[in-house]
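J.: Test case, fold it:
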Amino acid sequence: KMKFIIGIGGVTNGGKTTLTNRLLKTLPNCCVVHQDDFFKKPDQIEVGEDGFRQWDVISALDMEAMVNTVKGWQENPVKFARSHGVSLSPEAEESNSEENGIHILIVEGFLIYNYKPLIEIYDKCFYVSIPYEECKRRRSTRTYTVPDPPGLFDGHVWPMYLKHRKEMDNNCSRIEYLDGTTTKDDIYNKVFESVQNSLLNSL
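T.: Residues are numbered from 1 along each chain as shown. As a prediction, the model looks like this:
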């Protein structure tokens with residue numbers, strides 16, 4: 001079976017989830033792993049020197065569990081899809097037919113290119129970015145389970161984004177950058193076309 005893993009990274013509120021949900025509807029036999037599902041509990045998040053709970057760093061996430069989830073998909077994408085309620089095409093269901101069906105996994109999150117064991121697994125890497133002002137504006141309109149304390153964006157979120165962005169650019173040279181200020185359609189079309197081309201090339 002052919003397996004294909006797409007990374008959709010991006011700054012907070014850049015449009016990763018919107019893009020991911022659209023791709024899930026249009027790509028065949030497609031599952032997703034959301035990094036946000038692996039946040040530790042609030043009482044496990046330490047307060048940093050900046051005075052804020054450190055939500056925007058890799059240690060706030062159970063990355064080992066996340067990697068294991070991805071490995072679970074790699075080992076048996078059919079079983080993974082079924083257990084996550086993803087409907088598969090008839091060809092993909094046939095676990096004995098080697099040549100039939102392609103299985104796609106999207107790994108989505110804000111720090112997916114900042115953890116070494118994950119960087120190697122992507123067949124395609126995308127990253128959505130938006131500028132500071134737009135990011136701050138979008139963030140202020142969102143409601144989080146743990147609300148942002150005053151000053152969090154400037155004091156923690158954005159500085160950590162810049163730090164990780166630099167680290168990521170050094171870690172992974174294959175990233176295709178997307179402008180999150182363009183329309184949702186533009187972003188989607190660009191990614192969908194790029195993925196289609198890669199899939200055709202790898203057949």
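J.: Ile45 contacts Asp56, correct?
T.: No. The pair Ile45 and Asp56 does not pass the contact test of Cβ atoms under 8 Å, sitting 10.1 Å apart. Where you see a C-beta, it was placed from the backbone N, CA and C, and this is true even at glycine.
J.: residues in contact with the most centrally placed residue in the chain?
T.: Most central residue of the chain, judged by C-alpha distance to the mean C-alpha position with Cα atoms, centre = their mean, is Glu108 at 1.3 Å. Glu108 is in contact with Gly7, Ile8, Gly9, Lys16, Thr17, Thr20, Val32, Val33, His34, Gln35, counting by Cβ atoms under 8 Å, 6 or more residues apart in numbering.
J.: what about it, which helix or strand?
T.: With elements delineated by DSSP states H and E, Glu108 resides in strand 102-109, which encompasses its position.
J.: Restricting to C-alpha, output that strand in CSV.
T.: The C-alpha atoms that make up strand 102-109 are tabulated as CSV, following Å, rounded to 0.1, in the frame of the first residue of the first chain:
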residue,chain,number,x,y,z
ILE,A,102,-3.4,5.1,-1.2
HIS,A,103,-3.5,6.1,2.5
ILE,A,104,-2.9,9.7,3.5
LEU,A,105,-2.1,11.1,7.0
ILE,A,106,-2.1,14.8,7.8
VAL,A,107,-0.1,15.8,10.8
GLU,A,108,-1.3,19.3,11.9
GLY,A,109,0.0,21.6,14.5
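J.: how far does it sit from the chain's center?
T.: The chain centre lies 9 Å from the centre of strand 102-109; the measure is Cα atoms, centre = their mean, to the nearest Å.
J.: Buried residues of the helix or strand bottoming out on mean pLDDT in the chain, list them for me.
T.: Evaluated with mean pLDDT, DSSP states H and E, the helix-and-strand set of the chain has its lowest mean pLDDT in helix 90-93, which scores a mean of 78. Of the residues in helix 90-93, Ala92 count as buried by neighbour count, 16 or more other Cβ atoms under 10 Å.
J.: now the angle from the biggest helix by length in the chain to strand 102-109?
T.: The residue-count maximum for a helix in the chain (DSSP state H) belongs to helix 184-202. Put simply, helix 184-202 runs at 140 degrees to strand 102-109, going by axes from the mean of the first three to the mean of the last three Cα atoms, to 10 degrees.
J.: Give me the helices and strands touching helix 184-202, please.
T.: Helices and strands in packing contact with helix 184-202 are listed as strand 2-10, helix 16-26, strand 124-129, strand 175-179; criterion 3 or more Cβ pairs under 8 Å, 6 or more residues apart in numbering; DSSP states H and E.
J.: Tell me how many other residues crowd Phe192.
T.: Counted with other Cβ atoms under 10 Å, the burial measure for Phe192 works out to 15 neighbours.
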